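**Q** Any chance you can model this:
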Amino acid sequence: RLKNLKAFSWVCLVQIPGNTGCTARTCAATNVKLHLVEPLGFQIDDAKVKRAGLDYWPYVVVKVHSSWSEFREYFKKQDGEQRLLAFTKRGTHTHSEFTYRKGDWLVFGSETSGLPPDALLDCESKSLGGGTIRIPMVETYVRCLNLSVSVGIALYEASRQLNYEQLLEDSSEPCIDSEASFLTEDIFA
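**A** Next up is the predicted model:
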């Protein structure tokens with residue numbers, strides 16, 4: 001089983017099933033929990049989500065929140081020092097120059113609309129947030145990076161800065177018992 005790591009958890013607000021599957025695969029590879037905030041834009045049991053995540057779903061701890069406000073209340077109840085970091089093309093810090101720390105939650109919005117205003121406000125607030133971060137890119141003809149690519153870039157930079165601590169945890173046993181229990185309330189951490 002995945003242990004309750006203090007290195008990272010992260011939230012992903014997505015609209016494309018394939019991005020969620022690829023993001024889940026990155027979570028499995030890096031031993032990081034995945035939080036999804038509705039509305040998602042697809043059914044959580046969508047075949048495209050399963051296909052993109054391949055057979056790694058048993059190794060991903062997933063929690064689905066019904067809204068940003070419900071997620072915010074969940075976040076406030078977590079132990080330890082933590083902060084929300086919004087990844088947005090209008091971020092004030094570059095991802096590779098920002099200093100990450102244990103307890104950071106990396107927050108990503110959808111490719112089409114970005115993060116909702118209340119999520120951005122929380123990430124910028126002194127009580128919950130640590131700021132806004134951007135991944136540099138040429139913006140003359142590219143509107144945004146693919147969400148799962150952005151997640152990979154950000155997660156690995158943050159992991160590198162923390163000496164890949166979360167990779168040292170034992171994650172060899174599945175988090176769920178069978179394919180039948182794919183993303184049900186019973187498996188959430």
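
**Q** where exactly do the strands run in the protein?
**A** Secondary structure of the chain by DSSP state E: the strands cover 8-12, 33-37, 62-65, 83-87, 93-94, 104-108, 129-134.

**Q** And these: which comes nearest residue 120?
**A** strand 83-87 (5.6 Å; CB to CB). (Glycine included, C-beta is placed from N, CA and C.)

**Q** Other residues contacting that closest one?
**A** 11, 75, 95, 98, 100, 103-109, 115, 119-120, 122-124, 128-135, 150, 154 (CB atoms under 8 Å, 6 or more residues apart in numbering).

**Q** now that strand, how far from the centre of its chain.
**A** How far strand 83-87 lies from its chain's middle: 10 Å, per CA atoms, centre = their mean, to the nearest Å.

**Q** Now do that strand against strand 104-108: the angle between them, please.
**A** 30 degrees (axes from the mean of the first three to the mean of the last three CA atoms, to 10 degrees).

**Q** Just the mean pLDDT for strand 83-87, thanks.
**A** For strand 83-87, mean pLDDT is 96.

**Q** who does that strand pair up with?
**A** Paired neighbours of strand 83-87 in the sheet (DSSP bridges): strand 104-108 (parallel), strand 129-134 (parallel).

**Q** Comparing those strands, which comes out most buried?
**A** Ranked by average neighbour count under the criterion mean count of other CB atoms under 10 Å, those are headed by strand 104-108 at a mean of 24.
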